[in-house]
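**Q** Give the three-dimensional model of this entry:
(one chain, ligands or ions: 1)
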Amino acid sequence: MTNYRGAPPPEDPPHRRSRLVIGNWKMNPAQLPEATALARAATGLGSAAVTVGVAPPAAWLIPVADSLRGSDVLLFGQDVHWEEKGAFTGQVSAPMLVGVANGTIVGHSEVRRDQGDDDARVARKAAAALRSGLRVVYCLGESLEERQRGETDAVIARQVREGLGAIEKDLLSALDGTWRLAVAYEPIWAIGSGVPASGAQVSEAIATLRAELGRVGVDGEAVSVLYGGSVSASSVAEFAGADGVDGALVGGASLKADEFAAIVRAFR
Ligand code: PEP
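**A** Model prediction:
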(Lines give C-alpha, C1' and ligand atoms only; values in the text may rest on other atoms or scores of the structure.)
Protein backbone atom coordinates (compact mmCIF):
# COMPACT_ATOMS: atom_id res chain seq x y z
CA MET A 1 0.00 0.00 0.00
CA THR A 2 1.34 3.47 -0.89
CA ASN A 3 1.96 5.93 1.91
CA TYR A 4 1.37 9.58 1.04
CA ARG A 5 3.46 12.08 2.94
CA GLY A 6 1.19 14.43 4.84
CA ALA A 7 -1.84 12.13 4.75
CA PRO A 8 -3.42 11.28 8.10
CA PRO A 9 -2.07 8.09 9.65
CA PRO A 10 -4.11 4.99 8.87
CA GLU A 11 -6.76 4.21 11.43
CA ASP A 12 -5.88 1.54 13.94
CA PRO A 13 -7.68 -1.69 13.16
CA PRO A 14 -10.45 -2.35 15.69
CA HIS A 15 -9.07 -4.28 18.64
CA ARG A 16 -10.08 -7.87 18.62
CA ARG A 17 -8.91 -9.80 21.61
CA SER A 18 -8.01 -13.42 21.01
CA ARG A 19 -9.87 -16.05 22.97
CA LEU A 20 -7.28 -18.43 24.36
CA VAL A 21 -7.40 -21.65 26.35
CA ILE A 22 -4.01 -22.82 27.52
CA GLY A 23 -3.25 -25.99 29.45
CA ASN A 24 -0.53 -25.59 32.07
CA TRP A 25 0.62 -29.15 32.67
CA LYS A 26 2.90 -28.12 35.54
CA MET A 27 5.30 -31.03 36.37
CA ASN A 28 3.10 -33.57 34.54
CA PRO A 29 2.61 -36.08 33.03
CA ALA A 30 5.37 -38.29 34.44
CA GLN A 31 5.83 -40.33 31.25
CA LEU A 32 6.63 -38.98 27.79
CA PRO A 33 4.10 -41.13 25.86
CA GLU A 34 1.34 -39.64 28.01
CA ALA A 35 2.61 -36.16 27.22
CA THR A 36 2.68 -36.65 23.46
CA ALA A 37 -0.77 -38.32 23.54
CA LEU A 38 -2.16 -35.38 25.52
CA ALA A 39 -0.67 -32.93 23.03
CA ARG A 40 -2.11 -34.81 20.07
CA ALA A 41 -5.53 -34.83 21.75
CA ALA A 42 -5.42 -31.02 21.78
CA THR A 43 -5.00 -30.77 18.02
CA GLY A 44 -8.20 -29.92 16.21
CA LEU A 45 -9.81 -28.36 19.29
CA GLY A 46 -9.07 -24.79 18.22
CA SER A 47 -11.23 -22.83 15.81
CA ALA A 48 -11.46 -19.36 14.31
CA ALA A 49 -12.98 -18.32 17.63
CA VAL A 50 -10.53 -19.82 20.09
CA THR A 51 -6.80 -20.55 20.10
CA VAL A 52 -5.55 -23.54 22.05
CA GLY A 53 -2.15 -23.87 23.70
CA VAL A 54 -0.29 -26.28 25.95
CA ALA A 55 2.57 -25.67 28.35
CA PRO A 56 4.43 -28.91 29.10
CA PRO A 57 7.40 -29.24 31.44
CA ALA A 58 10.73 -28.19 29.87
CA ALA A 59 11.93 -31.77 29.37
CA TRP A 60 8.89 -32.57 27.21
CA LEU A 61 8.95 -29.42 25.08
CA ILE A 62 10.88 -30.79 22.11
CA PRO A 63 9.04 -34.13 21.78
CA VAL A 64 5.72 -32.36 22.27
CA ALA A 65 6.73 -29.79 19.63
CA ASP A 66 7.42 -32.70 17.28
CA SER A 67 4.03 -34.25 17.93
CA LEU A 68 2.29 -30.88 17.37
CA ARG A 69 4.09 -30.09 14.12
CA GLY A 70 1.64 -28.85 11.48
CA SER A 71 -1.16 -28.35 14.03
CA ASP A 72 -2.64 -25.05 15.22
CA VAL A 73 -1.89 -25.74 18.91
CA LEU A 74 0.49 -23.19 20.40
CA LEU A 75 3.32 -24.44 22.57
CA PHE A 76 4.47 -22.59 25.70
CA GLY A 77 7.26 -22.90 28.22
CA GLN A 78 6.20 -22.65 31.85
CA ASP A 79 8.87 -20.11 32.75
CA VAL A 80 11.93 -18.45 31.29
CA HIS A 81 15.06 -16.76 32.65
CA TRP A 82 15.83 -13.12 31.91
CA GLU A 83 19.43 -13.77 30.85
CA GLU A 84 20.30 -15.26 27.47
CA LYS A 85 22.83 -17.78 28.77
CA GLY A 86 25.28 -18.34 31.59
CA ALA A 87 25.65 -19.78 35.06
CA PHE A 88 21.95 -20.19 35.89
CA THR A 89 21.59 -23.86 36.74
CA GLY A 90 18.18 -25.33 36.05
CA GLN A 91 16.97 -22.40 33.96
CA VAL A 92 15.93 -22.01 30.32
CA SER A 93 16.49 -18.78 28.38
CA ALA A 94 14.12 -17.09 25.94
CA PRO A 95 16.41 -17.53 22.91
CA MET A 96 16.56 -21.26 23.76
CA LEU A 97 12.77 -21.45 23.53
CA VAL A 98 12.64 -19.71 20.18
CA GLY A 99 12.11 -22.25 17.42
CA VAL A 100 10.76 -24.78 19.92
CA ALA A 101 7.86 -22.96 21.57
CA ASN A 102 5.61 -20.07 20.56
CA GLY A 103 5.77 -18.41 23.93
CA THR A 104 6.05 -18.81 27.65
CA ILE A 105 4.15 -18.38 30.87
CA VAL A 106 5.80 -16.04 33.39
CA GLY A 107 4.87 -15.09 36.94
CA HIS A 108 2.96 -18.25 37.80
CA SER A 109 2.31 -18.21 41.55
CA GLU A 110 4.00 -21.61 41.97
CA VAL A 111 7.18 -20.19 40.41
CA ARG A 112 6.89 -17.00 42.47
CA ARG A 113 6.52 -19.23 45.56
CA ASP A 114 9.29 -21.73 44.79
CA GLN A 115 11.85 -19.42 43.20
CA GLY A 116 11.12 -16.25 45.13
CA ASP A 117 10.21 -14.28 42.01
CA ASP A 118 8.91 -10.80 42.76
CA ASP A 119 7.18 -8.47 40.31
CA ALA A 120 10.47 -6.96 39.15
CA ARG A 121 11.89 -10.37 38.31
CA VAL A 122 8.73 -11.44 36.51
CA ALA A 123 8.94 -8.22 34.48
CA ARG A 124 12.52 -9.03 33.46
CA LYS A 125 11.45 -12.52 32.39
CA ALA A 126 8.53 -11.15 30.36
CA ALA A 127 10.74 -8.53 28.72
CA ALA A 128 13.35 -11.14 27.77
CA ALA A 129 10.67 -13.32 26.21
CA LEU A 130 9.03 -10.46 24.30
CA ARG A 131 12.43 -9.25 23.09
CA SER A 132 13.06 -12.73 21.67
CA GLY A 133 9.75 -12.63 19.80
CA LEU A 134 7.95 -15.05 22.12
CA ARG A 135 4.38 -14.60 23.24
CA VAL A 136 3.92 -14.09 26.96
CA VAL A 137 1.20 -15.29 29.30
CA TYR A 138 1.74 -13.07 32.34
CA CYS A 139 0.22 -14.45 35.57
CA LEU A 140 -0.80 -12.44 38.58
CA GLY A 141 -3.33 -12.63 41.40
CA GLU A 142 -3.83 -12.19 45.11
CA SER A 143 -3.45 -14.64 48.00
CA LEU A 144 -6.36 -15.64 50.24
CA GLU A 145 -5.05 -13.46 53.07
CA GLU A 146 -4.80 -10.47 50.75
CA ARG A 147 -8.37 -11.01 49.55
CA GLN A 148 -9.64 -11.41 53.10
CA ARG A 149 -7.93 -8.16 54.07
CA GLY A 150 -9.72 -6.42 51.18
CA GLU A 151 -6.46 -5.86 49.30
CA THR A 152 -7.30 -7.57 45.99
CA ASP A 153 -7.40 -4.36 43.94
CA ALA A 154 -4.25 -3.00 45.58
CA VAL A 155 -2.35 -6.24 44.91
CA ILE A 156 -3.42 -6.29 41.26
CA ALA A 157 -2.44 -2.62 40.94
CA ARG A 158 0.98 -3.29 42.45
CA GLN A 159 1.60 -6.35 40.30
CA VAL A 160 0.72 -4.40 37.16
CA ARG A 161 2.70 -1.30 38.17
CA GLU A 162 5.85 -3.06 39.40
CA GLY A 163 5.67 -5.90 36.88
CA LEU A 164 4.15 -5.03 33.53
CA GLY A 165 4.79 -1.34 34.14
CA ALA A 166 8.54 -2.01 34.30
CA ILE A 167 8.65 -3.48 30.78
CA GLU A 168 9.81 -1.20 27.98
CA LYS A 169 6.78 0.28 26.25
CA ASP A 170 7.97 -0.61 22.76
CA LEU A 171 8.00 -4.29 23.73
CA LEU A 172 4.45 -4.13 25.04
CA SER A 173 3.09 -2.21 22.10
CA ALA A 174 4.67 -4.39 19.42
CA LEU A 175 1.31 -5.77 18.38
CA ASP A 176 1.53 -6.95 14.82
CA GLY A 177 -1.92 -8.35 14.33
CA THR A 178 -1.24 -11.41 16.45
CA TRP A 179 -1.26 -11.28 20.21
CA ARG A 180 2.07 -10.98 22.02
CA LEU A 181 0.90 -10.49 25.59
CA ALA A 182 -1.95 -12.11 27.47
CA VAL A 183 -2.51 -11.69 31.19
CA ALA A 184 -3.83 -14.53 33.35
CA TYR A 185 -5.69 -13.47 36.48
CA GLU A 186 -5.03 -16.37 38.82
CA PRO A 187 -6.07 -15.84 42.43
CA ILE A 188 -3.65 -18.02 44.39
CA TRP A 189 -6.39 -19.38 46.64
CA ALA A 190 -8.25 -20.78 43.62
CA ILE A 191 -5.30 -22.59 42.05
CA GLY A 192 -5.41 -26.35 42.58
CA SER A 193 -7.95 -25.92 45.39
CA GLY A 194 -10.99 -27.21 43.52
CA VAL A 195 -12.72 -23.96 44.51
CA PRO A 196 -12.74 -21.50 41.61
CA ALA A 197 -13.50 -17.84 42.05
CA SER A 198 -17.01 -16.80 41.05
CA GLY A 199 -17.62 -15.21 37.66
CA ALA A 200 -18.46 -11.94 39.44
CA GLN A 201 -15.20 -11.97 41.43
CA VAL A 202 -13.23 -12.64 38.25
CA SER A 203 -14.99 -9.91 36.24
CA GLU A 204 -14.41 -7.40 39.02
CA ALA A 205 -10.71 -8.25 39.30
CA ILE A 206 -10.27 -8.15 35.53
CA ALA A 207 -11.92 -4.72 35.31
CA THR A 208 -9.39 -3.49 37.88
CA LEU A 209 -6.59 -5.18 35.97
CA ARG A 210 -7.56 -3.55 32.66
CA ALA A 211 -7.80 -0.12 34.29
CA GLU A 212 -4.35 -0.61 35.85
CA LEU A 213 -2.92 -1.66 32.48
CA GLY A 214 -4.11 1.68 31.14
CA ARG A 215 -2.19 3.46 33.92
CA VAL A 216 1.08 1.88 32.74
CA GLY A 217 0.42 2.77 29.12
CA VAL A 218 -0.93 -0.57 27.92
CA ASP A 219 -4.31 -0.61 26.19
CA GLY A 220 -6.11 -3.01 28.50
CA GLU A 221 -8.97 -3.39 26.05
CA ALA A 222 -6.54 -4.84 23.48
CA VAL A 223 -5.00 -7.43 25.80
CA SER A 224 -6.56 -10.85 26.24
CA VAL A 225 -7.16 -11.65 29.89
CA LEU A 226 -7.58 -15.25 30.98
CA TYR A 227 -8.90 -16.63 34.23
CA GLY A 228 -7.04 -19.45 35.97
CA GLY A 229 -7.90 -21.31 39.15
CA SER A 230 -9.67 -24.69 39.33
CA VAL A 231 -11.37 -24.28 35.95
CA SER A 232 -13.05 -27.60 35.09
CA ALA A 233 -15.60 -28.86 32.59
CA SER A 234 -18.27 -28.34 35.22
CA SER A 235 -17.22 -24.83 36.27
CA VAL A 236 -16.15 -23.34 32.92
CA ALA A 237 -19.57 -21.92 31.98
CA GLU A 238 -19.23 -19.51 34.90
CA PHE A 239 -16.16 -17.91 33.28
CA ALA A 240 -16.82 -18.37 29.57
CA GLY A 241 -19.78 -16.04 29.93
CA ALA A 242 -18.27 -13.63 32.46
CA ASP A 243 -17.56 -10.02 31.51
CA GLY A 244 -13.99 -9.38 30.46
CA VAL A 245 -12.86 -13.02 30.40
CA ASP A 246 -11.16 -13.99 27.13
CA GLY A 247 -10.21 -17.54 27.99
CA ALA A 248 -8.66 -19.77 30.62
CA LEU A 249 -5.33 -20.96 31.91
CA VAL A 250 -6.12 -24.49 32.99
CA GLY A 251 -3.96 -26.58 35.32
CA GLY A 252 -5.20 -29.92 36.66
CA ALA A 253 -8.12 -30.26 34.24
CA SER A 254 -5.80 -29.85 31.24
CA LEU A 255 -4.29 -33.27 32.05
CA LYS A 256 -7.55 -34.99 31.12
CA ALA A 257 -8.04 -34.79 27.35
CA ASP A 258 -11.86 -34.94 27.46
CA GLU A 259 -12.13 -32.36 30.17
CA PHE A 260 -9.73 -29.97 28.43
CA ALA A 261 -11.73 -30.38 25.20
CA ALA A 262 -14.95 -29.50 27.03
CA ILE A 263 -13.31 -26.38 28.47
CA VAL A 264 -12.13 -25.25 25.03
CA ARG A 265 -15.61 -25.84 23.58
CA ALA A 266 -17.11 -23.54 26.20
CA PHE A 267 -15.11 -20.63 24.75
CA ARG A 268 -15.98 -21.26 21.11
C1 PEP B 1 -2.62 -23.13 36.95
O2 PEP B 1 -1.72 -23.90 37.28
O3 PEP B 1 -2.36 -22.12 36.27
C4 PEP B 1 -3.97 -23.44 37.36
C5 PEP B 1 -4.93 -22.58 37.10
O6 PEP B 1 -4.16 -24.63 38.02
P7 PEP B 1 -5.56 -25.34 38.35
O8 PEP B 1 -6.43 -25.22 37.12
O9 PEP B 1 -5.20 -26.76 38.66
O10 PEP B 1 -6.16 -24.61 39.49
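**Q** ok, how many other residues are close to Ala42?
**A** When counting by other Cβ atoms under 10 Å, one arrives at 25 neighbours for Ala42. From N, CA and C alone the C-beta is placed, and that goes for glycine too.
**Q** any idea how far it lies from Gln115?
**A** In this structure, Ala42 lies at 27 Å from Gln115, with Cβ to Cβ, to the nearest Å as the measure.
**Q** do Glu146 as well
**A** Glu146 sits 20 Å away from Gln115 when distances are taken as Cβ to Cβ.
**Q** Who has more neighbours out of the two?
**A** Counting neighbours by other Cβ under 10 Å for Glu146 and for Gln115 shows that Glu146 has the greater number, 17 against 12.
**Q** Beyond the helix or strand harbouring that one, next helix or strand please.
**A** For Glu146, the host element (DSSP states H and E) is helix 144-148. Downstream of helix 144-148, the next assigned helix or strand under DSSP H and E is helix 152-162.
**Q** what comes into contact with that following helix?
**A** 107, 118-120, 123, 140-143, 146, 185, 187, 205, 208-209, 212-213, 215-216 (Cβ atoms under 8 Å, 6 or more residues apart in numbering).
**Q** now that helix: how far from the chain's centre is it?
**A** For helix 152-162, the distance between its averaged C-alpha position and the chain's averaged C-alpha position is 17 Å (Cα atoms, centre = their mean, to the nearest Å).
**Q** Can you point out the buried residues in that helix?
**A** Along helix 152-162, these residues count as buried under the neighbour rule (16 or more other Cβ atoms under 10 Å): Thr152, Asp153, Val155, Ile156, Ala157, Arg158, Gln159, Val160.
**Q** Looking at these, which one is closest to the ligand?
**A** Gln159 (15.3 Å; Cβ to the nearest ligand atom).
**Q** Distance check, the closest one against Gly77.
**A** When Cβ to Cβ is the yardstick, Gln159 and Gly77 sit 21 Å from each other.
**Q** again with Gly199
**A** With the distance defined as Cβ to Cβ, Gly199 ends up 30 Å from Gly77.
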